[in-house]
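Visitor: Requesting a structural model of the entry that follows:
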Amino acid sequence: MHLASGCYTRYFSLRSPTFSSAAASFASILYCNREIAFHARTGDVVSAQRVFNSIPSPTIISWNSLLAAFSKSPGKLKDALNLFDRIPKPDVISFNTLLSCHFINSDLLGARHLFYSMLVKDATSWNTMVSGLACHGLINEARELFLSMPEKNYVSWNAIVSGFLQVGDLHSAWQYFSQAPDKNDIVLLTAMIAGFMSAGMIERAWEIFDTMHVRNSVTWNAMIAGLVENGQAEEGLNLFRIMISAKEVQPNPSTLSSSLLACSNLSALESGRQIHQWVSKFPMSINRSVGTSLLSMYSKCGDLESACKLFEEMPVKDVISWNAMISGYAQHGHGDRAINLFGSMTDGGLTPNRVTFVALLTACIHAGLVDLGMRYFESMEEDYGVKPCAEHYSCVVDLLCRAGLLKKAVDFIHSVPFKPHPSTFGTLLNASRIYKNKTFAEFAARKLVELEPRNAGPYVQLANVYASMNRWDDVARVRKWMKENLAVKMPGYSWIEVGGAVHEFRSGDRLHPYLELIHKKLNELWKRMKEAGYVPDLDFALHNVGDEQKEMMLMKHGEKLAIAFALISTSPGTPVRVFKNLRVCGDCHHAIKYISIIERREIILRDNARFHHFTNGKCTCGDYW
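Guide: Numbering: from 1, shown residues only. Below you'll find the model as predicted:
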């Protein structure tokens, strides 16, 4: 709803001339005020100002409505102050609105000066101060102000409790919550749910949620998002389904983003597709954040084709949408497409951010484009004003390592202007494993152990390097070192979704109900693979046993079991999607290439580094991961 010209012109075109001039004037101003308020809510300051300027004699409501538009837009403090000075008789709403404007622009000094100069303060004035100070981390000052308030209402209690939660002081938040006169206030209860979830106290959050008689969409969102963020994605997805069936409230874009993230974390493609089908029936299907969440879900669940289709169909794309698609291409090994998309993004006038360059550098890593990647890294700050952070430096190390430039990578690590992130040394350690460079492997492992002594990853990687060289005494030494530091190895497992159910496999699995059929299929594959030229890579059987035993151990790796189950459970010719929590082993990678030829299937495997697409005996990673 926009005014093509002045409010009066539009109003009189809609109303009967029999109205009195005074009534028409009043109704016109009322209409204009509603227009200004509408533009203020949508953040369209220019339109709000245009409507205001069309009013010959603005009322105080007109002035306050325009002031509200400025108060909702960061960077408009100077305009707000100039407007405030022009108001003939500012009222308490004018002062409160300007107070909000100071806080949204982080002008705490100006907010304090204005507040203490106000001759008349209502509850909103005090609440704005308490909330504003708390939001900026000044919780002690906010508490003192709260305690000195002449009269408190439910907003006051919400402000102070939320303030303590924002600074992570759950104990004080609970104390003030316990003192609140209305403990059944839905906003207060929802804030406590979010607070307990942030602290990982899931049971306490459930206690509050289960006892609430009335819940709104924010309450449901706090629970669903909290479960997903605390590693309980399956429970979060189940709660989303309960929300849909309960029909208490309608899910909103935030609900869908959390639920789709749960699908991504579970690699639950079928569940994600069901959410997509459900949301397509409602107007929110065209919401940009929902579209981006769906795009990201498809990409992370291994369905890049659906992600591409969704991206092309999006009517409006922001930088987050572009980043999601560039990252999707990068993780699936389509470096050239990611780079072309980056060109289209910048040609369209969008400015890349920190996330864009992580995705872009990842694309260069997976495509082996070392020189181009270095040029992008150097252009970040120079051309786009994006200061490189730990993730970008780690990407450059990965870029150099992929090319076998390990010495150059180490020199680069030493040049990093801050303490390198552990992932940087993890990258070097993995490259040292691939290139069997004992010196750099030991250097990287020791650095990782210094930073994270109880993380089993570096010990296992170093042991892998020694095992590949048949240096079993060194393998034993590393295992002893690992035990001394109380490092616990994360068990590796693979999983696959079939018929809406997730099936999980560990190496040497003995529990799956279809194990007999899986082993029968594996034995058949093993025979055909060897006939086709496959030779097991015994370096990846990390035990000092005979070759025959090593071969049997390799055959029962989790990813091979998962693929065999998929082959007997799905229709011929359909893609197989397998997920793994650790890096795929070299022998499995080698074997899957043969399986893709024998079964004439595309096999998509996501490990903790990237997606691998196996087709006709080739993998998109180029055998480097």
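
Visitor: Relative to residue 495, how far out is residue 281?
Guide: Residue 281 sits 30 Å away from residue 495, going by C-beta to C-beta, to the nearest Å. C-beta: built from backbone N, CA, C; applies to glycine.

Visitor: Kindly report the same for residue 421.
Guide: According to C-beta to C-beta, residue 421 stands 28 Å off from residue 495.

Visitor: For those two, indicate the residue with more neighbours.
Guide: Counted by other C-beta atoms under 10 Å, residue 421 and residue 495 do not tie: residue 495 has more neighbours, with 20 against 17.

Visitor: nearest residue to that one other than its sequence neighbours?
Guide: Leaving aside its sequence neighbours, residue 495 sits nearest to residue 504 (C-beta to C-beta, 6 or more residues apart in numbering; 4.5 Å).

Visitor: okay, now that neighbour: neighbour count?
Guide: Neighbours of residue 504 (other C-beta under 10 Å): 16.

Visitor: Name the SS class of it, please.
Guide: Of the three states, residue 504 takes strand according to DSSP: H, G, I helix; E, B strand; the rest coil.

Visitor: go on, residue 614?
Guide: Of the three states, residue 614 takes strand under three-state DSSP.

Visitor: Is it correct that it is in contact with residue 603?
Guide: Yes: Residue 614 is within contact range of residue 603, at 4.3 Å (criterion: C-beta atoms under 8 Å).

Visitor: which neighbours do the two share?
Guide: Common contacts of residue 614 and residue 603 (C-beta atoms under 8 Å, 6 or more residues apart in numbering): 592, 595-596.

Visitor: Let's see if you can find the most crowded of these.
Guide: residue 595 (24 neighbours).

Visitor: wait, it sits on residue 603?
Guide: Yes: Residue 595 lies in contact with residue 603 (C-beta under 8 Å); the separation is 6.5 Å.

Visitor: show me what contacts the residue nearest to residue 316 when sequence neighbours are not counted?
Guide: Of all residues not flanking residue 316 in the chain, residue 288 sits nearest, at 5.8 Å (C-beta to C-beta, 6+ apart). If a contact means C-beta under 8 Å, 6+ apart, then residue 288 has 314, 316-318, 321 as its contacts.

Visitor: Just the helices from the stretch 451-600 of the chain, written as ranges.
Guide: 457-468, 472-484, 515-531, 547-555, 558-569, 586-598 (DSSP state H, counting those that start in this stretch).

Visitor: The stretch 1-150 of the chain too?
Guide: 7-14, 21-42, 45-53, 60-71, 77-86, 92-104, 108-117, 123-135, 139-147.

Visitor: which element is the most centrally placed residue in the chain on?
Guide: The chain has residue 261 as the residue nearest its centroid, 7.5 Å off, counting by C-alpha atoms, centre = their mean. Using DSSP states H and E, residue 261 sits within helix 253-266.

Visitor: tell me how far that helix is from the chain's mean position?
Guide: In terms of C-alpha atoms, centre = their mean, to the nearest Å, the centre of helix 253-266 is found 10 Å from the chain centre.

Visitor: same for it, what does it pack against?
Guide: helix 217-229, helix 233-246, helix 269-279, helix 288-300 (3 or more C-beta pairs under 8 Å, 6 or more residues apart in numbering; DSSP states H and E).

Visitor: Residue 577 is nearest to which of those helices?
Guide: Closest approach to residue 577 among the helices and strands packed on helix 253-266 (C-beta to C-beta): helix 269-279, 6.7 Å.

Visitor: From residue 184, how far out is residue 249?
Guide: Counting by C-beta to C-beta, the gap from residue 249 to residue 184 is 17 Å.

Visitor: Check the offset of stretch 57-75 from the chain's centre.
Guide: 35 Å.

Visitor: What would it look like as PDB? C-alpha coordinates only.
Guide: Output of stretch 57-75 as PDB, limited to C-alpha atoms (Å, rounded to 0.1, in the frame of the first residue of the first chain):
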ATOM      1  CA  SER A  57      -0.700  20.100   9.400                       C
ATOM      2  CA  PRO A  58       0.700  17.000  11.000                       C
ATOM      3  CA  THR A  59      -0.700  15.900  14.400                       C
ATOM      4  CA  ILE A  60       1.500  14.600  17.200                       C
ATOM      5  CA  ILE A  61       0.600  11.100  16.000                       C
ATOM      6  CA  SER A  62       2.100  12.000  12.600                       C
ATOM      7  CA  TRP A  63       5.300  13.200  14.200                       C
ATOM      8  CA  ASN A  64       5.600  10.200  16.400                       C
ATOM      9  CA  SER A  65       4.900   7.800  13.600                       C
ATOM     10  CA  LEU A  66       7.700   9.200  11.500                       C
ATOM     11  CA  LEU A  67      10.000   9.200  14.500                       C
ATOM     12  CA  ALA A  68       9.200   5.500  15.000                       C
ATOM     13  CA  ALA A  69      10.300   4.900  11.400                       C
ATOM     14  CA  PHE A  70      13.700   6.400  12.200                       C
ATOM     15  CA  SER A  71      13.900   4.500  15.500                       C
ATOM     16  CA  LYS A  72      13.600   1.200  13.700                       C
ATOM     17  CA  SER A  73      16.400   2.000  11.200                       C
ATOM     18  CA  PRO A  74      20.000   1.900  12.500                       C
ATOM     19  CA  GLY A  75      22.000   4.900  11.200                       C
END
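
Visitor: Show me which of residue 249 and residue 184 is the more surrounded one.
Guide: Between residue 249 and residue 184, residue 249 has the larger neighbour count (other C-beta under 10 Å), namely 16 against 11.

Visitor: Contact partners for the closest residue to residue 529 other than its chain neighbours?
Guide: In this structure, residue 529 finds its nearest non-sequential neighbour in residue 594, 4.4 Å apart by C-beta to C-beta, 6+ apart. Going by C-beta under 8 Å, 6+ apart, residue 594 touches 529, 532-534, 617.

Visitor: List just the nearest of the residues you listed to residue 125.
Guide: residue 617 (72.1 Å).

Visitor: Quick check: which helices or strands does the host helix or strand of residue 189 pack against?
Guide: Secondary structure assignment for residue 189, by DSSP H and E: helix 186-198. Judged by 3+ C-beta pairs under 8 Å, 6+ apart, the packing partners of helix 186-198 are helix 154-166, helix 170-179, helix 202-211, helix 217-229.

Visitor: can you list those helices in TSV and add distance to residue 92 and mean neighbour count?
Guide: As requested, those are arranged in TSV below (distance: least, C-beta to C-beta, whole Å; neighbours: other C-beta atoms under 10 Å):
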stretch	distance to residue 92	mean neighbour count
helix 154-166	15	22
helix 170-179	26	16
helix 202-211	35	15
helix 217-229	28	23
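
Visitor: Any idea which of these gets closest to residue 345?
Guide: For these, proximity to residue 345 was assessed by C-beta to C-beta; helix 217-229 is nearest, at 28.5 Å.

Visitor: Show residues contacting the closest one.
Guide: So helix 217-229 is contacted by 186-187, 189-190, 193-194, 196-198, 202, 205-206, 209, 212, 233, 235-236, 239-240, 243, 248-252, 254-255, 258-259, 261-262, 265 (C-beta under 8 Å, 6+ apart).
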